[in-house]
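K.L.:
Provided below for reference: sequence and predicted model.
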Amino acid sequence: MAAALLTSDGEIITGVNVENSSFGLSICAERSAIVAAVAKQKRHFAAIAIVSSSAKPTPPCGACRQFMREFGDFEVILAGDNEEIITSVSELLPLAFLMKGH
C-alpha cells in the first residue's frame, strides 16, 4: 500500500505501509503520509490517494479513518489495479469521535 497526500497548499507528501511481525506495531500508508506531513508542519489537506496492488481498492482501516478525520474532511481516492472509488473522510467515517474544537 502507498498513499499520496495533497496538502491544501498544493504539496504532495507520500507514505507507505510498514509491516511488523507484531501487527500492532505496523503503520498504514495513510498514517505514514499524514505523520510525514505533520513533521513538515502541514496540517490542512485537500485529498489523499490510497493505492493497493490488489484488483479492487483497499479501504482504510478504522484507525486510519479516525486518524484522517482528526485533520478534517477531505477527498479520499481509493485505487486498485482495476477500479477506483472517490469518496471523502466523512463518508468513510460518518459518526466520527471528535474532541471539542476539532
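P.N.:
That came in fine, so what should we check first? Numbering: from 1, shown residues only.
K.L.:
would you agree I34 falls within a helix?
P.N.:
Yes: the assignment for I34 by DSSP: H, G, I helix; E, B strand; the rest coil puts it in a helix.
K.L.:
that one and C28, how far apart?
P.N.:
10 Å (CB to CB, to the nearest Å). C-beta coordinates here come from the backbone N, C-alpha and C atoms, glycine included.
K.L.:
quick one: contacts for the residue nearest to the spatial centre of the chain?
P.N.:
Residue closest to the average C-alpha location in the chain (CA atoms, centre = their mean): E30, at 3.3 Å. E30 makes contacts with 3, 15, 48, 50, 60, 64, 67-68, as judged by CB atoms under 8 Å, 6 or more residues apart in numbering.
K.L.:
make TSV out of those residues and add pLDDT and secondary structure.
P.N.:
Formatted as TSV, those follow (pLDDT from 0 to 100; DSSP: H, G, I helix; E, B strand; the rest coil):
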residue	pLDDT	secondary structure
A3	98	strand
G15	98	strand
I48	99	strand
I50	98	strand
P60	97	coil
C64	97	helix
F67	96	helix
M68	98	helix
